[in-house]
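A.B. asks: Sequence and computational prediction follow.
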Amino acid sequence: MSRLVVLAGPTAVGKGTLVRALRDRYPDVWVSVSATTRAPRPGEVDGVDYHFIGDDDFDRMIEDHALLEWATVHNSHRYGTPRQPVDQALAAGRPCILEIDLQGARQVRETMPEAHFVFLAPPSWDELVRRLVGRGTEDEEQRRRRLHTAKTELAAEAEFDQTIINDNLDDAVRALARIVVEGE
């Protein structure tokens, strides 16, 4: 069985960018595709970026215990990790990573305490705000809500086994690869 690495951090810290860059360099790394009830952002592809599903389907997955974790994020949409693909990838011995939020990471810690938990931190609060505003995918109210949540998420850093500061993508990819691929 391979080790599961759980990557979490505040909104706009660059989790998705980091995981895509890791996967580009290490194609054998298996990355979980979360299910979500939110609509796709421009350029996102169903089944690649997320499984975009409706509330009824999400409810069914919860009832069937088909999610390893799930949460309502930013008081808005639900996100969750389908359990079966994670179990299959681990059983196949592949390096595995989940890119999830703080609530999800806490649930995975309860169900899979053997996982390794990595917190992705911004270099500063100002940089986190700049990244969120710069991506232009949320309106002012959504940004306000996400930044409020980010303060809580940043305060939880000590709950994780390791922290990577995402101030340089290449450095962050190397640090994450040491954990996911090399098992450090």
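C.D. replies: Received the coordinates, thanks.

A.B. asks: mind listing what's buried in stretch 78-97?
C.D. replies: By neighbour count, with 16 or more other Cβ atoms under 10 Å as the criterion, the buried positions of stretch 78-97 are 78-83, 86, 89-90, 95-97. Just so you know, the C-beta spots here come from the backbone N, C-alpha and C atoms, and that holds for glycine as well.

A.B. asks: Also stretch 138-152?
C.D. replies: Along stretch 138-152, these residues count as buried under the neighbour rule (16+ other Cβ under 10 Å): 138, 143, 145-147, 149-150.

A.B. asks: got the residues you listed as CSV, with pLDDT and distance to residue 34 columns?
C.D. replies: Formatted as CSV, the buried residues of stretch 138-152 follow (pLDDT from 0 to 100; distance: Cβ to Cβ, whole Å):
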residue, pLDDT, distance to residue 34
138, 81, 18
143, 86, 21
145, 87, 19
146, 86, 17
147, 89, 22
149, 87, 17
150, 90, 19
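
A.B. asks: so can I have a markdown table of those residues showing distance to residue 46 and secondary structure?
C.D. replies: Supplementary listing: those in a markdown table, determined by distance: Cβ to Cβ, whole Å; DSSP: H, G, I helix; E, B strand; the rest coil:
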| residue | distance to residue 46 | secondary structure |
| --- | --- | --- |
| 138 | 20 | coil |
| 143 | 25 | helix |
| 145 | 25 | helix |
| 146 | 23 | helix |
| 147 | 28 | helix |
| 149 | 25 | helix |
| 150 | 27 | helix |
